[in-house]
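K.L.:
My questions concern the predicted model and sequence given below.
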Amino acid sequence: MKILVINSGSSSIKYQLIDMTDESVLAVGLVERIGIDGARLEQEVSGHEYVIEQAIPDHEVGMELVIAALTDEENGVISSVDEIDGVGHRVVQGGKFFDKSVLVDDDVKAKIKECAKIAPLHNPAHLMGINVCEELMPETKQVVTFDSAFHQSMPEEAYMYALPYKYYEKYDIRRYGAHGTSHKYVAQLAAEQLGKAVEETKIITCHLGNGASITAVKSGKSYDTSMGLTPLEGLVMGTRCGDIDPAAIPYIMEKEDLSPQEMDDIMNNESGFLGITGISNDTRDIEEAAEEGNQKAQLALKMFSYRAKKYIGSYVAAMNGVDAVVFTAGIGENGIEMREDICQDLDYLGIKIDTEKNNVRGKLTDITAADSKVKVYVIPTNEELVIARDTLALVAE
Ligand code: ADP
């Protein structure tokens, strides 16, 4: 059984073809700059790279190229699309409608479209990917896996905002969270490391990438998470501000004569690491600048780790304890100093890491100090594998 996993963005299509007999990745690829100059497809098969450079005006052409690359005689891995048993799509926002992955039908597509109002950058692009796959592979079943689904288990007091209740009733304004696929996956692996059923654990999962969120996973279910109605809330991120006093927003808008759209763009794309430093959204650049003495870079890193620490502390309180803290995604898996900074002075809560063991990047590692009450793990995430597993389960039904 071979499953194609698709992450369709506004100008890109990321994909993986996974052989589910042994969960091995047959091909990984990226179509980028759809609709703009310099469009290309890049595919890797067993270390061999295959690049196609040509105009890619829309997602349909992009997806046609994906199929062409996968079935290419010299550089491909399958002889025809008929070998693909199912397509699994990542969808950022499933709102109140979905608490698990589902097979695509018209009703599912209509709900994804409805959720586009709270994920305007993501959901329309996902729908494009789904529609194009349906057109190009009409015989193949399509599945959608939602970033928000795992968080549907949050209790009311965690997901409600203290705004007039009518906005929840009229517009579904509440916390939905994101990165759920990743939080669920690493929490499950952490429970295995603890030697316990996930239902018997309290785990705090820190998905720290360009977008970053922390989740309190109680008894294997999301209990609270730092991202909110949109992926803007919570931690300091590459280009997103995370938590701020909401009153700052109308204040700045008035002073700078900004539209809601312009303000939204500033908070999503011009803030975070980039906004504080003016250098970059990438932690590697910020760390380099900080080492060279750039004070804003030093400040941005301190703000990131301090905010993460606060969330960890608050989730220990929310769950009345914690068995393990997990670090995952780009910064979580690779940011040695960042992990050290976040875990510093958490010993009151029983969280202490071993700096020697922490000297690790990108592999499952127990970095707990010998005298730490709480386990701390680095666990590489694998959202594509979760999507592929869910897809396999649903297409095999
Ligand atoms: P996303 O999927 O949200 O785009 P990723 O999970 O790929 O993000 O994480 C990107 C972040 O991870 C960037 O800030 C990058 O600097 C950081 N990162 C990746 N590799 C390393 C590394 N070796 N050391 C420190 N940070 C890293």
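P.N.:
Yep, it's here.

K.L.:
all strands for the stretch 1-150 of the chain, in order.
P.N.:
2-8, 12-19, 24-32, 40-45, 48-53, 84-91, 102-103, 141-146 (DSSP state E, counting those that start in this stretch).

K.L.:
In CSV, list those strands along with mean pLDDT and mean neighbour count.
P.N.:
Where C-beta positions appear, they are placed from N, C-alpha and C, glycine not excepted. Listed next are the strands of the stretch 1-150 of the chain as CSV, based on pLDDT from 0 to 100; neighbours: other CB atoms under 10 Å:
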stretch, mean pLDDT, mean neighbour count
strand 2-8, 96, 25
strand 12-19, 96, 22
strand 24-32, 96, 18
strand 40-45, 97, 18
strand 48-53, 96, 13
strand 84-91, 97, 24
strand 102-103, 98, 18
strand 141-146, 97, 25
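
K.L.:
Follow the chain on from the lengthiest helix in the chain and name the next helix or strand.
P.N.:
Assignment by DSSP state H gives helix 295-319 as the longest helix of the chain. Sequence order places strand 324-328 as the next helix or strand after helix 295-319, per DSSP states H and E.

K.L.:
what sits against Ala158?
P.N.:
Neighbouring residues of Ala158 by CB atoms under 8 Å, 6 or more residues apart in numbering: 175, 223-224, 318.

K.L.:
Mark which of those are part of helices, please.
P.N.:
Among these, the residues falling in helices (DSSP H) are Ala318.

K.L.:
follow-up on the earlier one: indicate which one of the strands of the stretch 1-150 of the chain is closest to Asp257.
P.N.:
Among the strands of the stretch 1-150 of the chain, the nearest to Asp257 by CB to CB is strand 12-19 (33.3 Å).

K.L.:
Output the contacting helices and strands for the closest one.
P.N.:
The contact analysis (3 or more CB pairs under 8 Å, 6 or more residues apart in numbering; DSSP states H and E) places strand 12-19 against strand 2-8, strand 24-32, helix 59-71, helix 383-395.

K.L.:
now those in a markdown table, with distance to Lys373?
P.N.:
Converted to a markdown table, these look like this (distance: least, CB to CB, whole Å):
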| stretch | distance to Lys373 |
| --- | --- |
| strand 2-8 | 38 |
| strand 24-32 | 37 |
| helix 59-71 | 48 |
| helix 383-395 | 30 |
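
K.L.:
So which of the contacts of Ala158 is the closest to Ile249?
P.N.:
Arg175 (17.8 Å).
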